[in-house]
Structure formats: structure tokens, C-alpha cells
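> Mind folding the following:
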Amino acid sequence: MGVRCESLQEYFSAGRRSNCNDGSMSNRIAFLGCGSMNEAILSGLLEGGTDPSDIVATVRRADRAAELAERHHGITAIAGEEEPDNNKQAAKGSAVVILGVKPPGIADLAREISGSLSPGTIVISVAAAVSLAQLEAALPDGQPVIRTMPNTPAKLGRGVVSVSPGSHCTPEQLQKAKDILKSAGTVVEVPEDQVDALSAISGSGPAYAFYLAEAMASAGVELGLPPELSLLLARETVAGAGFMLAEPGADPSALRKAVTSPNGTTERAIATFDDRGIPSIIAAGARAAADRAAEITKQLG
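Have a look, this model is predicted:
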């Protein structure tokens, strides 16, 4: 059974971590909002040996707080309906604060906690389309900020997470963020002007793979396979190919050529894909995704 304090004051007074009234910071990592992405990072940290007592998660509902505490033994999960200033108290004295609410709420959350942050607290956003400028404008001047773009395989520790440091983030602070986020998968550093392009490939990319599996399953049915069998074949084939791509140094072009015998069945299929313009269609889709990401950033601003 996990531990769920009725308030963060109980958490501090229990002696698990100082609330750092002297201005220093604990080792605490605060997850403000704990949806699927933040919980994936939290889980990876625990599996990697992070002390559960160093983790605080804030959520809105009491039942969700209880669920998190039950699943992740030893963390503290606080519900806003029980402790309305849970975000502020979790942020106070934390070494790292990870903002995990939906993009439209990120700026409001940043403003809410701005008075509770220590100057050296690293603020990490996992929200799509929220720019560094928008984050920094909502936080105290000089606050170290990092924008990230994770994708859904992070839930399995096999995701890709980009990091883009803000103007006040030191190399040491960026490395600390990378060390935290690597629990979710591969961490890549990119300048912010490449985040929309990255989101079109890795952020939206899992959906492209799922879309391919859907199309393969439908094609199997058209060829006369039972729907259940066709779906199984498509699902396991795409997943297996993904594992091959995950091998160190894997080259998708080389892997494709290795199963494409001259004048064979696979060659005929690939030639048909090329004739129908599949590569250009994928490129156009990625461009549309990147453009939409830029639009959303402007709307949020």
C-alpha cells in the first residue's frame, strides 16, 4: 500500500524531506499533473533507483492520488480537491519541477507556482507546442527552463524525448534534466526551432506506425485472411520490425534491402509503393504535422 499524505505539510513535517525554508533545495522532483507522460517518467525514475520519498505528484482528484500512491509505493501524491495549493507547495524547495498538464493550462500553472520556486529550480515542460518564450514569460526572470517533446513509447521506456534549454539553463542543469528523462527512452538535444519538425517525426510518428499496421491488417482481409489473424500478423510484424530497428546502428534502408530479393514479392510491393508516391505522401503528412504544431504554438501565445 502506498503512502498518501493528506497534505504536503504532513509530508514535510514527517521528516521525509525538508521544505527548505533556508532557501536551499532538496532532491525532490515534483510532477505537477500526472497524466500518462509524467507517470511514464516517474515510473522510469523509480525503476532506475530514485528514492520514492524524493517524488511528489500533484493531481486534481483524490481517487487519482490514491491510485498513484498505490501503484508507486513510497511516493507522495496530493489531490487538489483536498489541498488546493498542492502545486505551490510541491514546487517549493524542489530541485526539479515537471509540468505535465495539457498545453492550454501550462502558462497558468507556471504563473501559479512562480512565487514558490527557488531560483535554481529546473522547470521542465512536457507539453507540446508551448514555447520557451511562453514558459519564461510566466516564470520569474532567470528561472532555468527546459522544453521537451516526448512520445508515447516513453510509457515503455522506449520513447524519444527531445530537450531544448531556455536562455537561463546551465549545461549542468540541462544534464540533470537529461539524466531524469532518459528513464523514458532516448534523449536528444535540439534547438527550439527544430522542435516542430521533430514532433512531426517522433512525436506523431508512433501514430504513423499504428496507421501502417491498420492498413496492413485491412489489406490482409482484402486478400482473404480472417480479420483476427490479419490483425495479429500486422501487429506482430510491425512490432518485430521495430525491435530490429532498435538494435544499435540499425539502418532502415539496409534492413529493407535485406528482405527485398531481386524480382521477388517484396520488391514488387515496394515498387508499387514508390509508384503510388508513398514517400512523398509521408513527407507531406510530416510537413502538415509540423505546420500544425507551429499554428498551435501561436494560438497558445
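> Please count neighbours and contacts with C-alpha atoms only from this point.
Noted.
> Show me where the chain has its strands.
Assignment of strands within the chain using DSSP state E yields the ranges 29-32, 55-59, 76-79, 96-99, 122-125, 145-149, 159-165, 185-189.
> Only the C-alpha atoms, please, for the first one, written as PDB.
Output of strand 29-32 as PDB, limited to C-alpha atoms (Å, rounded to 0.1, in the frame of the first residue of the first chain):
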ATOM      1  CA  ILE A  29      11.300  16.100  -8.100                       C
ATOM      2  CA  ALA A  30       7.700  17.500  -8.300                       C
ATOM      3  CA  PHE A  31       5.400  16.200 -11.000                       C
ATOM      4  CA  LEU A  32       2.700  18.800 -11.400                       C
END
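> If you count contacts, what does it end up packed against?
strand 55-59, helix 86-91, strand 96-99 (3 or more CA pairs under 8 Å, 6 or more residues apart in numbering; DSSP states H and E).
> for the protein, where's the lowest mean pLDDT among helices and strands?
Least confident helix or strand of the chain, by mean pLDDT, DSSP states H and E, is helix 8-13 with a mean of 48.
> The helices and strands packed on strand 29-32: which one's closest to S114?
helix 86-91 (8.2 Å; CA to CA).
> for that closest one, packing partners?
helix 8-13, strand 29-32, strand 55-59, helix 103-113.
> Comparing those by mean pLDDT, which bottoms out?
Among those, helix 8-13 carries the lowest mean pLDDT, at a mean of 48.
> Name the residues of the top helix by length along the chain that come out as buried.
What stands out as the longest helix in the chain, according to DSSP state H, is helix 278-300. Within helix 278-300, the residues that count as buried by 16 or more other CA atoms under 10 Å are 286-287, 289-290, 293-294, 297.
> Provide a list of residues in contact with P252.
When contacts are counted by CA atoms under 8 Å, 6 or more residues apart in numbering, P252 is found next to L245.
> ok so, going back, let me have the helices and strands packed on strand 29-32 in TSV, adding mean neighbour count and distance to R28 as columns.
Output for the helices and strands packed on strand 29-32, formatted as TSV (neighbours: other CA atoms under 10 Å; distance: least, CA to CA, whole Å):
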stretch	mean neighbour count	distance to R28
strand 55-59	26	6
helix 86-91	25	9
strand 96-99	25	7
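> Distance to A40 added to the ones you listed, as TSV?
Output for the helices and strands packed on strand 29-32, formatted as TSV (distance: least, CA to CA, whole Å):
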stretch	distance to A40
strand 55-59	12
helix 86-91	19
strand 96-99	12
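> Figure out which of the ones you listed is closest to G115.
Going by CA to CA, the one of these nearest G115 is helix 86-91, 8.0 Å.
> Touching the closest one from outside, list them.
Contacts for helix 86-91 (CA under 8 Å, 6+ apart): 7-8, 30, 32, 56-58, 78-80, 97, 112-113, 115-117.
> mind running it again at 6 Å?
Here helix 86-91 makes contact (CA atoms under 6 Å, 6 or more residues apart in numbering) with 30, 80, 113, 116-117.
> G224 versus A62, what's the distance?
Noted for A62: a distance of 50 Å to G224, by CA to CA, to the nearest Å.
> typed the wrong thing, it's V59
48 Å.
> pLDDT at G48, what is it?
88.
> Please apply the same query to S204.
So S204 comes in at 96 (pLDDT).
> burial of it, as a residue count?
17 (other CA atoms under 10 Å).
> Ramachandran angles for it?
S204 has phi and psi values of phi -90, psi -20 when expressed as degrees, to the nearest 10.
> what residues are up against the closest residue to T148 other than its chain neighbours?
Among residues not flanking T148 along the chain, V163 sits closest, at 4.6 Å (CA to CA, 6 or more residues apart in numbering). The contact partners of V163, by CA under 6 Å, 6+ apart, come to 147-148, 189.
> Pull up the gap between V163 and K257, please.
On the measure of CA to CA, V163 and K257 end up 33 Å apart.
> Could you do S202 as well?
For S202 relative to K257 (CA to CA), the value is 23 Å.
> Which one's more surrounded, these two?
Higher neighbour count among S202 and K257: S202, with 20 against 12, using other CA under 10 Å.
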